[in-house]
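Enquirer: Fold the following for me, if possible:
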Amino acid sequence: MWVLVFFDLPTETKKEKRNYMLFRKNILKDGFSMFQFSIYLRHCTSRESADTHVRRVKLMLPPKGHVGILVVTDKQFGQMEIFSGIKCVKPPDTVQQLELF
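Expert: Residues are numbered from 1 along each chain as shown. Purely as a prediction, here's the structure:
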């Protein structure tokens, strides 16, 4: 599973800039990686893990701005076409995680 977080946050005032930086810092701390400037993604090994990270993002939401959260399967994510200019590039690899029971 992949969790994608899309956001458009205001940065007009000092407080809004601080909220933006705090939100970005917190999602990075939770294991998300920048895909584009306002799109961050994280690979999860199960739906339960994805749900956990979705809940965490909801707890981090800043008071203003727009945030979208999308959960897609590995297969759906792998079907994404990504372009750098006119050249097609490969999507990020699935992260191999070791789980201990």
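
Enquirer: contacts, neighbours, all on C-alpha from now
Expert: Noted.

Enquirer: Output the single longest helix found in the chain in PDB with nothing but the alpha carbons.
Expert: Secondary structure of the chain read by DSSP state H shows that its longest helix is helix 14-29. Output in PDB follows, covering the C-alpha atoms of helix 14-29 (Å, rounded to 0.1, in the frame of the first residue of the first chain):
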ATOM      1  CA  LYS A  14       5.100  34.100   9.800                       C
ATOM      2  CA  LYS A  15       2.600  31.800  11.600                       C
ATOM      3  CA  GLU A  16       1.500  30.200   8.400                       C
ATOM      4  CA  LYS A  17       5.100  29.600   7.300                       C
ATOM      5  CA  ARG A  18       5.800  28.000  10.700                       C
ATOM      6  CA  ASN A  19       2.700  25.800  10.400                       C
ATOM      7  CA  TYR A  20       3.800  24.700   6.900                       C
ATOM      8  CA  MET A  21       7.300  23.900   8.100                       C
ATOM      9  CA  LEU A  22       6.000  22.000  11.100                       C
ATOM     10  CA  PHE A  23       3.600  19.900   9.000                       C
ATOM     11  CA  ARG A  24       6.300  19.100   6.500                       C
ATOM     12  CA  LYS A  25       8.800  18.200   9.200                       C
ATOM     13  CA  ASN A  26       6.300  16.000  11.000                       C
ATOM     14  CA  ILE A  27       5.300  14.000   7.900                       C
ATOM     15  CA  LEU A  28       9.000  13.500   7.000                       C
ATOM     16  CA  LYS A  29       9.500  12.300  10.600                       C
END
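
Enquirer: which of the residues in the helix or strand just after that helix are buried?
Expert: Sequence-wise, the next helix or strand downstream of helix 14-29 (DSSP states H and E) is strand 33-36. For strand 33-36, burial by neighbour count (16 or more other CA atoms under 10 Å) applies to Ser33.
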